[in-house]
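Undergrad: got a predicted structure here, sequence first:
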Amino acid sequence: MLDSLKKMFSGNEADVPLNTGSKPDISRVKSAELYEKSKTYFPGGVNSPVRAFKSVYGTPLFIEKGDGCYIWDADGNQFIDFCGSWGPLILGHNNPKIREKVTEVMQNGMSFGAPTALENELAELIIKNNRYVEKIRFTSSGTEAVMSAIRLARGFTGRDKILKFEGCYHGHSDSLLVKAGSGLVTFGETSSAGVPKSFAEETIVIPLNDTTAIEQAFAQFKDQIAAVIIEGIPANNGLIIQDEEYIHFLRKICTENNSLLIFDEVITGFRVGFEGAAAHYGVKPDIVTYGKIIGGGLPVGMYGASNAIMAHISPDGGVYQAGTLSGNPVAMAAGIATLTELNKSGFYKDLNNKTQDFVASIQRFATARNYKFKVFTVGSIFWFAFTEKEKIQSADDIDASSMEKFKIMHRELLNRGIYLGPSGYEVGFVSSAHTKIELEKAKRAIFEALDLVFRSS
């Protein structure tokens with residue numbers, strides 16, 4: 001995963017070919033000025049690497065406003081947004097109910113470093129409607145939630161090693177910034193400067209969708225593996241949808257070896273359904289992590305498990321984890337407003353059906369023209385892949401050279417008022433704020449962009 005990220009950010013934003021499309025390039029004058037200034041303040045001019053637009057054409061767009069399914073940049077360009085702040089905005093930008101709830105709560109203060117009733121309210125909303133967790137702990141980010149879940153697994157089992165999969169990303173904590181070595185079953189190799197080799201050697205990395213590799217891992221490291229961690233549905237390096245049989249296999253082999261199964265549902269939690277990928281596959285993980293949507297657009301994370309496992313977290317148990325802003329009232333308010341809407345009857349059915357109609361139309365268009373292009377989708381998540389493969393289930397299945405086509409597509413879509421995440425490895429999201437009108441506009445723009453991509457290839 002990190003190798004893919006590094007490739008994304010190694011380009012030169014000034015290396016932009018002449019526009020050969022039918023639409024003129026959007027103005028980026030103000031965004032470019034802001035970017036030049038930001039580079040004097042921040043590494044690469046950004047506070048998260050993917051924002052740097054290194055894997056697409058042009059300088060980053062600086063966003064000024066969002067409303068519904070639209071965003072506007074500093075140059076006044078308007079876009080139909082399918083990034084949604086990388087997934088949290090399932091109700092769209094600036095949702096009135098979230099805004100009103102947050103504004104109401106902020107009248108009484110924004111942070112106390114002490115318990116509030118809002119924490120209880122959001123926790124009850126989650127636990128009463130999610131059969132996979134009995135007790136939870138709020139954090140301030142998805143990375144923090146996953147890091148804490150790993151520590152909990154080690155503390156609960158008394159084991160040190162973690163098994164993860166190549167192509168799954170779980171945040172930037174040291175023990176998970178690792179990549180596969182040269183063998184089928186290997187210790188991880190550090191994929192970031194600053195990560196000690198000794199940390200990586202506690203993490204085993206194997207390919208996705210390979211039952212032999214995981215069987216060998218448990219045989220080779222018998223009674224040493226604290227947990228197996230997998231994204232609920234891998235969606236950080238393309239959308240790598242696993243077969244149900246494989247996920248059930250993971251559950252079975254973890255149980256047989258007294259290892260915990262951790263679902264990282266920072267993206268898929270409350271996105272593919274209120275109970276996330278766990279319900280989608282009908283598999284009960286031992287620990288599950290959430291983020292993004294449960295903050296309604298504000299920074300938040302969460303991990304949860306059974307009462308027995310969570311009893312090991314301090315102050316009840318010996319696994320220490322803390323956070324000054326964990327469960328802060330503003331994030332809790334946004335989460336309450338968001339999940340209240342998601343919990344309404346028919347919400348996911350309507351959103352998922354809308355998404356499936358949208359992506360099916362795009363796939364029909366591409367198929368009719370014999371384009372090597374597939375739209376992979378689950379729930380309200382989609383991913384555009386320039387491939388003929390019917391399934392992509394491991395990182396090795398992704399053709400890195402196809403990202404050149406995405407670069408062209410991304411530019412053409414920006415010129416037509418459509419905003420996707422600035423990398424061909426990133427997924428897109430449909431929100432409840434996208435109406436048929438916007439989705440029809442987006443489809444027409446995507447059709448035109450695809451024609452240009454394949455005309456130039």
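TA: Perfect, I can see it now.

Undergrad: helices of the stretch 251-400 of the chain, start to end?
TA: Remark: helices assigned in the stretch 251-400 of the chain by DSSP state H, counting those that start in this stretch are 276-281, 307-310, 329-342, 347-368.

Undergrad: for the helix or strand where residue 149 lies, packing partners?
TA: Using DSSP states H and E, the element containing residue 149 is helix 142-157. Using 3 or more Cβ pairs under 8 Å, 6 or more residues apart in numbering; DSSP states H and E, the elements in contact with helix 142-157 are strand 135-139, strand 161-165, strand 225-231, strand 260-265, strand 287-291, strand 301-305, helix 307-310. To be clear about C-beta, it is placed using only N, CA and C from the backbone, and glycine gets the same treatment.

Undergrad: for those, give me JSON lines that also has distance to residue 245, mean pLDDT and mean neighbour count.
TA: Below are the helices and strands packed on helix 142-157 laid out as JSON lines (distance: least, Cβ to Cβ, whole Å; pLDDT from 0 to 100; neighbours: other Cβ atoms under 10 Å):
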{"stretch": "strand 135-139", "distance to residue 245": "29", "mean pLDDT": "98", "mean neighbour count": "23"}
{"stretch": "strand 161-165", "distance to residue 245": "16", "mean pLDDT": "95", "mean neighbour count": "25"}
{"stretch": "strand 225-231", "distance to residue 245": "14", "mean pLDDT": "97", "mean neighbour count": "25"}
{"stretch": "strand 260-265", "distance to residue 245": "15", "mean pLDDT": "98", "mean neighbour count": "28"}
{"stretch": "strand 287-291", "distance to residue 245": "21", "mean pLDDT": "97", "mean neighbour count": "29"}
{"stretch": "strand 301-305", "distance to residue 245": "25", "mean pLDDT": "98", "mean neighbour count": "28"}
{"stretch": "helix 307-310", "distance to residue 245": "26", "mean pLDDT": "98", "mean neighbour count": "16"}
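
Undergrad: between these, which one is nearest to residue 450?
TA: Between residue 450 and the helices and strands packed on helix 142-157, the tightest spacing by Cβ to Cβ is seen for strand 225-231, at 27.9 Å.

Undergrad: gap between stretch 232-246 and the chain center?
TA: The gap between where stretch 232-246 is centred and where its chain is centred comes out at 12 Å by Cα atoms, centre = their mean, to the nearest Å.

Undergrad: tell me which residue is most central in the chain.
TA: With distances taken as Cα atoms, centre = their mean, the residue of the chain nearest its centroid is residue 267 (3.9 Å).

Undergrad: in this structure that one contacts residue 289, no?
TA: No - the criterion here is Cβ atoms under 8 Å, and residue 267 misses it with residue 289 at 10.4 Å.

Undergrad: one step back: looking at the helices of the stretch 251-400 of the chain, spot the one closest to residue 374.
TA: Residue 374 sits nearest to helix 347-368 of all the helices of the stretch 251-400 of the chain, at 7.1 Å, using Cβ to Cβ.
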